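Dropping the sequence and predicted coords here.
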Amino acid sequence: METELPKVSVIIPFYNCSYVDQAISSVLKQTYQNVEVIVVDDGSTSHQMLVTPFLKKIHYIYKKNGGTATALNRGLSVATGDLIAWLSSDDVFHLEKLEKQVEYMKRTNADLVYTNFSLIDEKSEVIGTDVGVILDTKLAFLKYLQKSCPINGSTVLVKKEVFTKVGPFNPALKYTQDYDMWLRVASVAKVVGLKETLLNYRKHAEMGSHRHHQEQMKEIEIVKNRYKDKLHLLIQRSEENST
């Protein structure tokens, strides 16, 4: 990162979400100042009025409905920041999230930093703290990827140049575009976990992982099988380098 305060582009995919105003507010209130907010409306038919008060402070894009991956890709295509963050429209950043991540990224020379997170309910009340999985080593991270996704997408801060290497999110994946992306990123980038909770992840009845659980499970298996051999080789190399 060339500048002392690199610009962070925060992409918020939005589709009929009644919490989107809270998500936007949490970014605009960040202690880190060099931020652009990109809200990608993925063909919403409701709750768009919640975005209206922020239109002078954000970059708002409306597009035909195509899923989270297409919304993220559209945001990436217009992002002008050196760093990219993703915030689901029902989640909330802690005030110092970006400031602490940028500092940690510099200190560790990481390409991607993810953090721990807490759970909140429909009323924004905390129902679980420090519930994420933070892995200490590259080997531990790769091995965890074999069975599941250890990264909550809304906790991520990643150098934009990483997407140049691995390509965009896969629009064919409706529920596991993040898992697929981190598997690709793992082979070309330094991924580091920050053991601090800097996000509130909302659990509610309308969330996609709740309404489409079976479909999500099927996609997870597809993604696992797609990267099985490549991940095995990465683990082998990591084990050899650690001996």
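Alright, I've got the coordinates.

what are the phi and psi angles of Lys228?
Dihedral pair for Lys228: phi -50, psi -50, per degrees, to the nearest 10.

mind listing what the residue nearest to it when sequence neighbours are not counted touches?
Closest residue in space to Lys228, ignoring its immediate chain neighbours: Gln146 at 7.8 Å, by C-beta to C-beta, 6 or more residues apart in numbering. Just so you know, the C-beta spots here come from the backbone N, C-alpha and C atoms, and that holds for glycine as well. Contacts for Gln146 were tallied using C-beta atoms under 8 Å, 6 or more residues apart in numbering; they are Lys224, Lys228, Leu231, Ile235.

lowest average confidence, helix or strand, in the chain?
When the helices and strands of the chain are scored by mean pLDDT, DSSP states H and E, helix 208-211 comes last with a mean of 60.

so where's the longest strand in this protein?
Using DSSP state E to define each element, the chain has its longest strand at strand 191-202.

distance between that one and the chain's centre?
10 Å (C-alpha atoms, centre = their mean, to the nearest Å).

other SSEs contacting that strand?
Using 3 or more C-beta pairs under 8 Å, 6 or more residues apart in numbering; DSSP states H and E, the elements in contact with strand 191-202 are strand 92-93, helix 97-108, strand 112-120, helix 138-145.

Run the angle between the second one and strand 112-120 for me.
Between the direction of helix 97-108 and that of strand 112-120, the angle (axes from the mean of the first three to the mean of the last three C-alpha atoms, to 10 degrees) works out to 150 degrees.

For helix 97-108, output the C-alpha coordinates as PDB.
Extracted C-alpha coordinates of helix 97-108, given in PDB (Å, rounded to 0.1, in the frame of the first residue of the first chain):
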ATOM      1  CA  LYS A  97     -13.000  -2.200  12.300                       C
ATOM      2  CA  LEU A  98     -11.300  -0.700   9.200                       C
ATOM      3  CA  GLU A  99      -8.800   1.300  11.200                       C
ATOM      4  CA  LYS A 100      -7.600  -1.700  13.100                       C
ATOM      5  CA  GLN A 101      -7.600  -4.000  10.000                       C
ATOM      6  CA  VAL A 102      -5.500  -1.500   7.900                       C
ATOM      7  CA  GLU A 103      -3.000  -1.300  10.700                       C
ATOM      8  CA  TYR A 104      -2.800  -5.000  11.200                       C
ATOM      9  CA  MET A 105      -2.500  -5.600   7.400                       C
ATOM     10  CA  LYS A 106       0.500  -3.200   7.400                       C
ATOM     11  CA  ARG A 107       2.100  -4.900  10.400                       C
ATOM     12  CA  THR A 108       1.700  -8.400   9.100                       C
END
